[in-house]
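J.: Following is a predicted model, sequence given first.
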Amino acid sequence: FYKKFDKKRLENFLKKLCVEDKPKCLEISDLSEEEKEKLIKDHGNKKYTKKDYVYEGLENFIKQMTIDKSLLLWKLLLKDIENLRSWNLKNFLTGKYIWSHYRNDHNEKFESKLLKLLKQNAWLIDKNKNFRKSSEITSDQLIDDYRDREKNPSSAEELIGILGIKPEIYKNNINETIADELNISRDDVKKMMENLKNNPEIVKSLCKSSNNTPTFPTNSVDNRERREKRVADNYNVAPEKVYEKCERNVRTSRAIDSTAYLTDNYTNENEQMVCQICKEEMPFKKRDGHYYFEKVEALSSDYLKKEHEAQFLALCPLCAAMYKELIKKDEEAMKTFFNSLKSGNEPSIPIKFQEEEKSIRFTNKHFVDIRTIINIAD
């Protein structure tokens, strides 16, 4: 119905009703503990104030991007830049974290949520009509529509800098570097880039072969207290380890099968099972398609007298042999590892294979579980 009215009269009418001509810039205050620690470093944290900003509704708006929406967002950002004074421009899209420590005030600036959303999402359009992140595009690759609609070119240059969009000269320098490294011409570099662009599988294969170290599995503990209680209850009713004297001491109590537990904890998102010590992919798979790995008790019966799946480590054959020989058979090394595991706050415990520094890394869930049974047993 709005098309029936004169545009300027309609705009004036809506302004009188306090209707905004752009989304509200909301001040928010959510900051994770990890982000706080990174900002305050070792200066303490008594009282704090966080000033962060985001366009209202931007998270949903940017998820389903179209060309018209991209151009509209560009226009809104330019309008905000044009309304800023030069001395305030450097603080545009910047949040501030303020805290007090021993009666002294401290502050640290960081990228606002608004800027993070603009950088982390592919909303900018290149000349091939593809949506790209600001870090994936150079200024000359932007479609002409962005510049054709500009009234103030200097504001556009400011926005390009704020978003971290590289200038054209950056792309040329990269091409020159590649040409020099491979001892080929820049024309050959361009042909090679086009070939890689049209064959993404080649790029994936190259990236995979250049990164042989697998990602270490991660998981989170949603409710630590509930998990600790469940592990403690299981451990309290677990059977004692029983040994009978024969020609040698033989374990006769039924050992817990920790295969599923360890497989679940140490298989990453790429379906690779990773050794806790060398952090490499397990060396081979069995005929049934599952990884072969050694389930090694982390601590001897001097420290843990009951059977429980959390007391086992997932190790490759070589690391398992070295751990058994150099840690478990060395009382001092075993005691040092136990004390480090009991008192440590990080899920990576240092050990020594003779003079070689190593570490045993745990997933968050496994770390909580083994610490729980250690505390009960101690």
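T.: Perfect, I can see it now. Numbers count the residues shown, from 1 in each chain.
J.: residue contacts, the closest residue to Met273 other than its chain neighbours?
T.: The shortest distance from Met273 to any non-neighbouring residue, by C-beta to C-beta, 6 or more residues apart in numbering, is to Tyr291 (4.1 Å). Using the backbone N, CA and C atoms, a C-beta is placed for each residue, glycine as well. Residues near Tyr291 by C-beta atoms under 8 Å, 6 or more residues apart in numbering: Thr263, Thr267, Met273, Met282, Phe284, Lys285.
J.: Count the neighbours of the first one for me.
T.: Counted with other C-beta atoms under 10 Å, residues neighbouring Thr263 total 15.
J.: Quick check: pLDDT value at it.
T.: Thr263 is assigned a predicted lDDT (pLDDT) of 94.
J.: quick one: it and Glu271 touch, right?
T.: No. Using C-beta atoms under 8 Å, Thr263 makes no contact with Glu271, being 10.7 Å away.
J.: what ranges do the helices span in the stretch 251-378 of the chain?
T.: Assigned by DSSP state H, counting those that start in this stretch, the stretch 251-378 of the chain shows helices spanning 259-265, 317-323, 331-343, 364-377.
J.: Just name the most buried of those helices.
T.: Mean neighbours per residue, mean count of other C-beta atoms under 10 Å, is largest over the helices of the stretch 251-378 of the chain for helix 364-377, with a mean of 20.
J.: which residues sit against it?
T.: The contact list for helix 364-377 (C-beta under 8 Å, 6+ apart) reads 218-221, 224, 227-228, 231-232, 235-236, 265, 298-299, 303-306, 308, 310-311, 338, 341-342, 347, 362.
J.: now with 6 Å?
T.: Contact partners of helix 364-377, identified using C-beta atoms under 6 Å, 6 or more residues apart in numbering, comprise 219-221, 227-228, 231-232, 235, 265, 304, 308, 310, 342, 347.
J.: Of all the helices of the stretch 251-378 of the chain, which one comes closest to Leu124?
T.: Of all those, it is helix 364-377 that lies closest to Leu124, at 36.3 Å by C-beta to C-beta.
J.: and the closest one, C-alpha only, in CSV?
T.: Output in CSV follows, covering the C-alpha atoms of helix 364-377 (Å, rounded to 0.1, in the frame of the first residue of the first chain):
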residue,chain,number,x,y,z
ASN,A,364,37.4,-33.3,28.7
LYS,A,365,35.0,-36.1,29.6
HIS,A,366,37.8,-38.7,30.2
PHE,A,367,39.7,-36.2,32.3
VAL,A,368,36.7,-35.5,34.6
ASP,A,369,36.1,-39.3,34.9
ILE,A,370,39.6,-40.4,35.8
ARG,A,371,40.1,-37.5,38.2
THR,A,372,36.8,-38.5,39.9
ILE,A,373,37.9,-42.1,40.5
ILE,A,374,41.4,-40.9,41.7
ASN,A,375,39.8,-38.6,44.3
ILE,A,376,37.6,-41.4,45.6
ALA,A,377,40.4,-44.0,45.7
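J.: Kindly indicate whether Ala238 is helix, strand or coil.
T.: The three-state assignment at Ala238 reads coil, by DSSP: H, G, I helix; E, B strand; the rest coil.
J.: Name the nearest residue to it, ignoring sequence neighbours.
T.: Using C-beta to C-beta, 6+ apart, the nearest residue to Ala238 is Lys306, at 4.2 Å.
J.: wait, isn't the one you found in contact with Asn236?
T.: No. Assessed by C-beta atoms under 6 Å, Lys306 is found out of contact with Asn236, at 8.4 Å.
J.: Which other helices and strands does the helix or strand Leu196 falls within contact?
T.: Using DSSP states H and E, the element containing Leu196 is helix 186-198. If contacts are counted by 3 or more C-beta pairs under 6 Å, 6 or more residues apart in numbering; DSSP states H and E, helix 186-198 sits against helix 168-182.
J.: what mean pLDDT would you report for the helix holding Leu196?
T.: 79.
J.: ok, and what's touching it?
T.: Residues outside helix 186-198 that contact it (C-beta under 6 Å, 6+ apart) are Asn175, Ile178, Ala179, Ile202, Val203.
J.: Could you pull up phi and psi at the residue most central in space within the chain?
T.: When C-alpha atoms, centre = their mean is applied to the chain, the residue found nearest the centroid is Thr218 (10.1 Å). In this entry, Thr218 is assigned phi and psi values of phi -130, psi 150 (degrees, to the nearest 10).
J.: Please tell me the pLDDT value assigned to it.
T.: As predicted, Thr218 sits at a pLDDT of 77.
J.: And the closest residue to it other than its chain neighbours, how far from Lys75?
T.: Sequence neighbours aside, Thr363 is the residue nearest to Thr218 in space, at 6.5 Å (criterion: C-beta to C-beta, 6+ apart). Separation of Thr363 from Lys75 (C-beta to C-beta, to the nearest Å): 47 Å.
J.: Specify which residue of those two has the higher count of neighbours.
T.: Neighbour tally, Thr363 and Lys75, criterion other C-beta under 10 Å: the higher count belongs to Thr363, 23 against 15.
J.: phi, psi of the more buried one?
T.: Taking degrees, to the nearest 10, you get phi -70, psi 160 for the backbone angles of Thr363.
J.: ok, so what distance separates it from Thr263?
T.: According to C-beta to C-beta, Thr363 and Thr263 sit 12 Å apart.
J.: got it, and Ser348?
T.: Remark: distance between Ser348 and Thr263 (C-beta to C-beta) = 21 Å.
J.: For this protein, spot the helix or strand the model is least confident about on average.
T.: Taking mean pLDDT, DSSP states H and E as the measure, the chain has helix 86-89 as its least confident helix or strand, at a mean of 53.
J.: rewinding a little: for the contacts of helix 186-198, give me a markdown table that also has distance to Gly95 and pLDDT.
T.: Putting those into a markdown table (distance: C-beta to C-beta, whole Å; pLDDT from 0 to 100) gives the following:
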| residue | distance to Gly95 | pLDDT |
| --- | --- | --- |
| Asn175 | 36 | 69 |
| Ile178 | 37 | 76 |
| Ala179 | 41 | 73 |
| Ile202 | 40 | 73 |
| Val203 | 35 | 70 |
